[in-house]
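Visitor: What shape does this take:
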Amino acid sequence: MAKQTDVIIVGGGVIGSSIAYHLLNDGFTGKISIFEKDKLYEFSSTPRSAGGIRQLFTTSINIQIGRFGLQHYKTFPEDMKINGERAEIDFKQRGYLFLAKDKNMKQLIRQCHLQKKFGVPSVLLKQEELTSIIPELNIGDLQGGLYCSEDGYLDPYSVMQGYAKKAKELGASYIYDEVVSIKYDRQGIKGVKTNSGEIVESPVLINCAGPWAPYLSEQIGLPLPIVPLKRQIIQFDIADPLQKKLPLTVDPTGVYFRHEGNSLISGFSEAVKPGIDFRWKRSFFMEQLWPVLANRIRNFERAKVLHGWAGMYSYNTIDQNAIIGEHPLLKGYYLACGFSGHGMQQAPAVGKGLSEKIQTGGYQSIDLSPLRFERFAEKELIIEGAVV
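Guide: Residues are numbered from 1 along each chain as shown. All right, here's what the predicted structure looks like:
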């Protein structure tokens, strides 16, 4: 006999757990079942991310989402407290810094003006001002930069666990089994079948399966413009420590770097073929990261690789932005996927937004409708110019 639930969430990472938390915290009284196939989150995108939290985006919707997320993460430890124990996430508000040269500076000027309209305290820095943030920075080929001191980085795994533990305390059920197919008819969503053969019925399903989201959707004839792309992160140490702890800094080449404790991490959106691949290579650091790093900061010339890992971007091939909301062709089928590397920082706004949408039929906190699936057919794309 099939089990019954009111909401099925496929994927128990930061997006799915945020949605579950916000639904219950906002007063949803039904039963929520989260299906997660990877109980240890060994291959989840969340703990493999760089953990950046920023408001420095180029589109109105992403700036608003980023600002909402920042405010949420500032109070996260207290908000997710259980039995008096705070959910610490090691949020370091050391800033975000985009470096610029040539035509990039004009782009940053436009971004800054838009960001300020939404209350973001971003500032444009002249070439000589950059060394006030990073004294060792090689500024010879730079024109300036865009900086926001409110932004920073945190521990992604702790955020995910904080949401999941709080959602469980509020009544959500986590089922560590893989959803292999979606059940539906002309009236809408009916439920799912799991790898263990269990049938669970529900009128609402939210696809938060990250890199696996398109595979699940294709099975019901609703393809998504999402592919999994490998992104490597390398942790390294240097012989001569820097004078200050770094903001998350993005070089004009796209190489980013920040502190991770007393060591550092760096990454870059390399050109790779779509597919699930969790291998990382030291050669990635030596060939693509180190030449850029050593040129930008002399201290990076003497670097020692400590560790590395790879995670998956759920890459939206059309406009590199999330797909949020109910699918227009199937009642009860909601999407929260295609984040293209921004899932961690956008999880608070997406969780809150979908909670409002499911419970009231509309958005109140932030209008997420620009990220609807229909935008592709309607030619109303959201082109984000600051994808790292």
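
Visitor: looking at it, Pro348 is touching Gly69, isn't it?
Guide: Yes: counting by Cβ atoms under 8 Å, Pro348 touches Gly69, with 4.5 Å between them. In this view, the C-beta of every residue, glycine as well, is placed from N, C-alpha and C.

Visitor: which one is the most centrally placed residue in the chain nearest to, not counting chain neighbours?
Guide: Among the residues of the chain, the one closest to the centroid is Gly343, at 1.9 Å (Cα atoms, centre = their mean). Closest residue to Gly343 apart from its sequence neighbours, by Cβ to Cβ, 6 or more residues apart in numbering: Ile15 at 5.6 Å.

Visitor: in which helix or strand would I find the one you found?
Guide: helix 14-25 (DSSP states H and E).

Visitor: Give me the three-state assignment for the spatially closest residue to Tyr176 that is not a sequence neighbour.
Guide: In this structure, Tyr176 finds its nearest non-sequential neighbour in Lys39, 4.1 Å apart by Cβ to Cβ, 6+ apart. Of the three states, Lys39 takes coil under DSSP: H, G, I helix; E, B strand; the rest coil.

Visitor: What of the one 4 residues further on?
Guide: Of the three states, Phe43 takes coil according to three-state DSSP.

Visitor: Identify the residues contacting it.
Guide: By Cβ atoms under 8 Å, 6 or more residues apart in numbering, the contact set of Phe43 is 278, 312.

Visitor: what are the phi and psi values for the closest residue in space to Gly338 that isn't next to it in sequence?
Guide: Excluding the flanking residues, the one nearest Gly338 by Cβ to Cβ, 6+ apart is Asn316, at 3.9 Å. Main-chain torsions, Asn316, degrees, to the nearest 10: phi -80, psi 110.

Visitor: now Asn316, which residues is it bridged with?
Guide: Beta-bridge pairing of Asn316 under DSSP bridges involves Ile226.

Visitor: wait, it sits on Leu335?
Guide: No: counting by Cβ under 8 Å, Asn316 stays clear of Leu335, with 11.0 Å between them.

Visitor: which residues of the stretch 201-350 of the chain fall in strands?
Guide: Ranges of strands in the stretch 201-350 of the chain, per DSSP state E, counting those that start in this stretch, are 205-207, 226-238, 248-250, 256-260, 263-267, 303-316, 323-326, 333-337.

Visitor: how about the ones you listed, which one is nearest Gln187?
Guide: Shortest distance between Gln187 and the strands of the stretch 201-350 of the chain, using Cβ to Cβ, is found for strand 333-337: 11.8 Å.

Visitor: Could you please name the strands the closest one pairs with and the direction of each pair?
Guide: Each strand that pairs with strand 333-337, with its direction, by DSSP bridges: strand 205-207 (parallel), strand 323-326 (antiparallel).

Visitor: State the distance from the nearest residue to Asp151 once chain neighbours are set aside to Pro228.
Guide: Leaving aside its chain neighbours, Asp151 sits nearest to Tyr96 (3.8 Å; criterion: Cβ to Cβ, 6+ apart). Using Cβ to Cβ, to the nearest Å, Tyr96 is found at 26 Å from Pro228.

Visitor: Counting neighbours around each, name which of the two comes out higher.
Guide: Tyr96 (28 against 22; other Cβ atoms under 10 Å).

Visitor: before we move on, could you check phi and psi at the more buried one?
Guide: Per-residue torsions, Tyr96: phi -120, psi 140 (degrees, to the nearest 10).

Visitor: Can you give me every residue that contacts it?
Guide: Tyr96 neighbours (Cβ under 8 Å, 6+ apart): 52, 54-56, 147-148, 151-152, 247-250.

Visitor: Pull the most distant pair out of those.
Guide: Longest span within these, Cβ to Cβ: Gln55 and Thr249, 15.7 Å.

Visitor: on that earlier part again, shared neighbours of Asn316 and Leu335, which are they?
Guide: Listed as contacting both Asn316 and Leu335 by Cβ under 8 Å, 6+ apart are Ile323.

Visitor: before we move on, back to that, so how many other residues sit close to the residue nearest to Tyr176?
Guide: Neighbour count for Lys39, taken as other Cβ under 10 Å: 11.

Visitor: Same check on Pro328?
Guide: Using other Cβ under 10 Å, Pro328 has 12 other residues around it.

Visitor: I figured it hits Glu378, correct?
Guide: No: at 10.3 Å, Pro328 does not count as touching Glu378 under the criterion of Cβ under 8 Å.
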